[in-house]
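Visitor: from the sequence below, what's the structure:
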Amino acid sequence: MVDWLQYAEDHGEKVHIIGHIPPRECLASFSWNFYKIVNRYENTIAGQFYGHTHNDELVINYDEIDRQRPVSMVDKKQISDENKFEFVSIRLI
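Guide: All right, here's what the predicted structure looks like:
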């Protein structure tokens with residue numbers, strides 16, 4: 001993933017990260033590494049999209065040094081009883 005993020009950054013591109021299980025629900029070491037990567041590439045990652053929980057959720061990721069500074073936000077909404085989802089992601093600037 002880091003190779004693709006670096007490639008996108010080098011070429012002025014934006015990326016979306018799409019996954020099934022949100023990082024915060026994985027092993028602590030994976031989550032820690034993932035958030036370091038998200039922090040590093042905050043200007044390249046335009047959105048993060050996840051499923052798995054089947055709940056309406058809002059997650060804000062903060063800078064690892066300045067815990068007051070948000071670097072990204074993920075909004076997931078369940079829009080029907082058939083477990084279909086509409087995702088909205090906003091990058092905070």
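
Visitor: every contact and neighbour count from this point should use C-alpha atoms.
Guide: Noted.

Visitor: could you report the pLDDT at the residue nearest the centre of the chain?
Guide: What sits nearest the mean C-alpha location of the chain, by CA atoms, centre = their mean, is residue 48, with 3.3 Å. Looking at residue 48, its pLDDT reads 83.

Visitor: now stretch 47-64: buried residues?
Guide: Neighbour-count burial for stretch 47-64, counted by 16 or more other CA atoms under 10 Å, picks out 47-51, 61-64.

Visitor: dihedrals phi and psi, residue 37?
Guide: Dihedral angles phi and psi of residue 37 (degrees, to the nearest 10) take the values phi -70, psi -50.

Visitor: any chance of the buried residues of stretch 47-64 in CSV, with secondary structure and distance to residue 33 too?
Guide: Compiled in CSV, the buried residues of stretch 47-64 are given as follows (DSSP: H, G, I helix; E, B strand; the rest coil; distance: CA to CA, whole Å):
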residue, secondary structure, distance to residue 33
47, strand, 18
48, strand, 16
49, strand, 18
50, strand, 18
51, coil, 20
61, strand, 13
62, strand, 14
63, coil, 13
64, coil, 11
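
Visitor: nearest to residue 11 among those residues?
Guide: Residue 11 has its nearest neighbour among these in residue 47, at 17.7 Å by CA to CA.

Visitor: quick one: contacts of stretch 22-37?
Guide: With contact meaning CA atoms under 8 Å, 6 or more residues apart in numbering, stretch 22-37 is reached by 2, 50-52, 61, 64.

Visitor: which residues are in contact with residue 17?
Guide: 45, 47-49.

Visitor: quick one: end-to-end distance for stretch 43-59.
Guide: One end of stretch 43-59 sits 17 Å from the other (CA to CA, to the nearest Å).
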